[in-house]
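K.L.:
please find the sequence and the predicted model below.
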Amino acid sequence: MEATAPDRDTVRKLSELRLDRPVVLSLYLDLNPTEFATPPARATAVRSLLDDAERKVKERHTLPHGDRMALEASLRRARSFLERRLPTDAAHAVAVFASEPVDLFAALKLPRSVRNRVAIARSPLVGPLARLERTERWCVALVSRRDARIFRGSPDGLREIGQIHDTVFGQHDQGGWSQARYQRGIEKEKADHLKHTADALLRHYKRRPFQRLVTGGPREVVADFESKLHGYLKERLVGRIEVDVDTATPDQVLQAAQPRFDELERERESEALERLGERGACGPAEVLWALNERRVETLLLDEQFSAPGRQCPECGWLGPAEEGRCPVDGTELILLEDLTDAAIEVAVQQSAGLLAVRHDRDALRGYGGIAAVLRF
């Protein structure tokens, strides 16, 4: 199991699961390496989370006997996974979703820390998961005269997915016509290698499309390589990095590409904030109204946004904390100490994007930390 930011399809699939009874167990376990680097520390964290989950299951004593048994079975399955098969390599957190009635068990290894959470509801708690979602998929291609390496990932991390090696002979010093012919042969072999790499990258793109492409290696070789890329790939080029093609680790490649990642993230934030003036909802009241009407295209959140609210347990309607009953069906609303996760889940259910504003937080604070670009 790989530690990657969850993709939109995974988050949406989980969010679309909604049962008629609260028998879905969601667990989030923080494995921040600075705090849980040793097996004893991780074991303590697991026990604490499971104790909290067991306590919450027992508190559901008003549920029918069959539902309580289902929750206990889901907890046993989650306990077995966390105690016996907990993945720790490169993981900063783990999310587990379990529901026996629909045979759901999903465990995700996450690249960033999240706070410990236990939730029992009619659907999986995907708010924390959606916050980690990276909508942009990146590819980094390193090329030299003989070798190529391909990496995939996001600003959270890269992994190497392929290597290409072609035989390209070196130059000799015999001089004359022999050397000229030999040199032309070398250049053709190099050109064939770069074409081979470009074709392989295109095949990979067709299997698993990515949105941004970064290249790296010796400048002349990289320039030649980029000229051989298919138009689809040229459209996705966003920059070059300088790293050693043969020895660079995924972390070193990520570090070299990080400035470009940050630059494009800032551009994305600025573009979304500008669009608020054209077609936007600003502040909790306007955003909740738009979410309930299914008009949100992109939900913008300050990373530290928090506000109380209420939600209808039947239809999912969201409103301010002072509301008592759902205006849609009259059901008594549930008080939410923080409506952030619920707002994210409603946004995901309507296929809206989520943008956690990190660089231009001051602009969003003027709207109370939450805004939305609308579809209409």
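P.N.:
Looks like it arrived, so ask away. Numbers count the residues shown, from 1 in each chain.
K.L.:
for the chain, what spans make up the helices?
P.N.:
Counting by DSSP state H, one finds helices in the chain at the ranges 8-15, 39-59, 65-84, 127-132, 176-207, 219-227, 231-234, 250-279, 284-292, 340-349, 361-365.
K.L.:
would you mark the buried spots in the shortest one?
P.N.:
Just to be clear, that refers to helix 231-234. residue 233 (16 or more other C-beta atoms under 10 Å). Any C-beta I mention is one placed from the backbone N, CA and C, and that applies to glycine too.
K.L.:
what is that helix packed up against?
P.N.:
Helices and strands touching helix 231-234, by 3 or more C-beta pairs under 8 Å, 6 or more residues apart in numbering; DSSP states H and E, are helix 176-207.
K.L.:
and the fourth one, by the same measure?
P.N.:
With contacts defined as 3+ C-beta pairs under 8 Å, 6+ apart, the secondary structure elements packing on helix 127-132 are helix 8-15, strand 104-110, helix 340-349, strand 353-357.
K.L.:
pick the most deeply packed of the ones you listed.
P.N.:
Most buried of the helices and strands packed on helix 127-132 by mean neighbour count (mean count of other C-beta atoms under 10 Å) is helix 340-349; its value is a mean of 23.
K.L.:
return the distance of that one from the chain's centre.
P.N.:
Its chain's average C-alpha position is 15 Å from that of helix 340-349, according to C-alpha atoms, centre = their mean, to the nearest Å.
K.L.:
give me the angle between that helix and helix 8-15.
P.N.:
Per axes from the mean of the first three to the mean of the last three C-alpha atoms, to 10 degrees, the angle that helix 340-349 makes with helix 8-15 is 110 degrees.
K.L.:
of all the helices of the chain, which lies closest to residue 138?
P.N.:
helix 250-279 (7.4 Å; C-beta to C-beta).
K.L.:
report the angle between that closest one and strand 353-357.
P.N.:
Inter-element angle recorded for helix 250-279 and strand 353-357: 110 degrees (by the same axes, to 10 degrees).
K.L.:
report the buried residues of helix 250-279.
P.N.:
By 16+ other C-beta under 10 Å, the buried positions in helix 250-279 come out as 250, 253-254, 256-257, 260-261, 264-265, 268-269, 272-273, 275-276.
K.L.:
closest one to residue 370 out of the residues you listed, please.
P.N.:
Closest to residue 370, out of all of those and judged by C-beta to C-beta, is residue 276, at 11.2 Å.
K.L.:
that closest one touches residue 370, doesn't it?
P.N.:
No. Taking contacts as C-beta atoms under 8 Å, residue 276 lies outside contact range of residue 370: 11.2 Å.
K.L.:
any idea of the mean pLDDT in stretch 229-247?
P.N.:
Taken as a whole, stretch 229-247 carries a mean pLDDT of 95.
K.L.:
what pairs with residue 309 across the strands?
P.N.:
residue 336 (DSSP bridges).
K.L.:
correct me if wrong: it contacts residue 285.
P.N.:
No. With contact defined as C-beta under 8 Å, residue 309 does not reach residue 285; the gap is 10.3 Å.
K.L.:
identify the contacts common to these two.
P.N.:
Residues touching both residue 309 and residue 285 comprise residue 320, with contact defined as C-beta atoms under 8 Å, 6 or more residues apart in numbering.
K.L.:
and these two? which has more neighbours close in?
P.N.:
Of the pair residue 309 and residue 285, residue 309 is the one with more neighbours under other C-beta atoms under 10 Å, namely 22 against 13.
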